[in-house]
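Engineer: Structure for this input, please:
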Amino acid sequence: MRGRSRTPSKGTEHRAVATFVREPTNRFDPHAVAVHTDEQRIGYLPREDARRYRPALDQIYASGRRPTVTARIWAGDYEDRDPNQDATVTRYGAGVHVALDEPHLLLPTNSTPQEPHVLLPDGSTIQVHDTTSRLDQLAAIPGTDGQQWVYATLHHVIEQLARATRDIVEVRVNGERVGKLTPKMSGDVLPAVRFLAAHGRVTAARLLVSGNRAAVTRKLYVAHAHQLDDHWFEGV
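Structural biologist: This next block holds a predicted model:
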């Protein structure tokens, strides 16, 4: 976003939900994208970024949604050199940062799950194993950009071993199995999967697919069950 580049050495920081608002009637730039918090404009994306992101933002608006992201807002005093006074002076400044994926990663390539579901918050990376299933179909997902994300659903299954059974999480895309999590990783998300199932909801997650027809990797970006706060459970 536009604004002073220095970060105050002392000051306060606040995180807020920011909304991107297109301004096609902007007299300086018809591709302008404003950033709003609490329905108030606080700045703009840089001109070059606005042009790159506008097509994806247009798609999000066309789907009836409002594109939002977490914004980091800071304000405070900082030391600066005043050439007119030939001295160091204390000034007040503020700035805003928003973290955005590349434009091709803003939208999934498939639709949201049809069944009632809850999307797990983003978190750490979890590798999906047993990647031989549906290799040809998934290899086409990354396209020319080399990576793309899809909606996946997580399911509790009991895996039969030679002399025992174990609880694991199976990963599906569009209702078809695309892999599974290791027992350890399954244990990190199974409590959330079971909790949602008990409330009649399927667990959805963000799955990043990378590679080509020679090799495909699949990674979930989800918070572990112990990282979910009370607000998340109350929302369910």
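Engineer: If you average pLDDT per helix and strand, which one of this protein comes out bottom?
Structural biologist: Every helix and strand of the chain was ranked by mean pLDDT, DSSP states H and E. The lowest is helix 135-139, at a mean of 60.
Engineer: now the helix or strand that it is followed by, how far from the centre of its chain.
Structural biologist: Along the chain past helix 135-139, the next helix or strand (assigned with DSSP states H and E) turns out to be strand 147-160. With Cα atoms, centre = their mean, to the nearest Å as the basis, strand 147-160 stands 17 Å off its chain's centre.
Engineer: Could you check how far the helix or strand just after strand 147-160 is from the centre of its chain?
Structural biologist: As assigned by DSSP H and E, the chain's next helix or strand after strand 147-160 is strand 165-173. Using Cα atoms, centre = their mean, the distance from the centre of strand 165-173 to the centre of the chain it belongs to is 23 Å.
Engineer: Can you mark which positions in strand 165-173 are buried?
Structural biologist: Ile168, Val169, Glu170, Val171, Arg172, Val173 (16 or more other Cβ atoms under 10 Å). Every C-beta, even on glycine, is put in place using the N, C-alpha and C of the backbone.
Engineer: Mind picking the lowest-pLDDT entry from these?
Structural biologist: Confidence by pLDDT is poorest for Val173 among those, given 89.
Engineer: If we ignore the residues flanking it in sequence, what's nearest the residue nearest the centre of the chain?
Structural biologist: Per Cα atoms, centre = their mean, the C-alpha nearest to the average position across the chain is that of Asp122, at 5.9 Å. Spatial nearest neighbour of Asp122, excluding adjacent residues (Cβ to Cβ, 6 or more residues apart in numbering): Tyr221 at 5.1 Å.
Engineer: Report how many residues lie close to Gln114.
Structural biologist: Neighbourhood size, Gln114 [other Cβ atoms under 10 Å]: 9.
Engineer: That one in helix, strand or coil?
Structural biologist: Applying DSSP: H, G, I helix; E, B strand; the rest coil to Gln114 yields a three-state assignment of coil.
Engineer: For it, what are phi and psi?
Structural biologist: phi -70, psi -30 (degrees, to the nearest 10).
Engineer: cool, and Pro24?
Structural biologist: Dihedral angles for Pro24 - degrees, to the nearest 10 - are phi -60, psi -20.
Engineer: Quick check: pLDDT value at it.
Structural biologist: Taking Pro24 on its own, its pLDDT is 92.
Engineer: For it, give its distance to Pro191.
Structural biologist: Per Cβ to Cβ, to the nearest Å, Pro24 is found 46 Å from Pro191.
Engineer: do the same with Val236
Structural biologist: For Val236 relative to Pro191 (Cβ to Cβ), the value is 13 Å.
Engineer: hmm, back to that, who does the host helix or strand of the residue nearest to Asp122 touch, helix- and strand-wise?
Structural biologist: Assigned by DSSP H and E, Tyr221 belongs to strand 216-222. The criterion is 3 or more Cβ pairs under 8 Å, 6 or more residues apart in numbering; DSSP states H and E, and the helices and strands that strand 216-222 contacts are strand 124-127, helix 135-139, strand 202-211.
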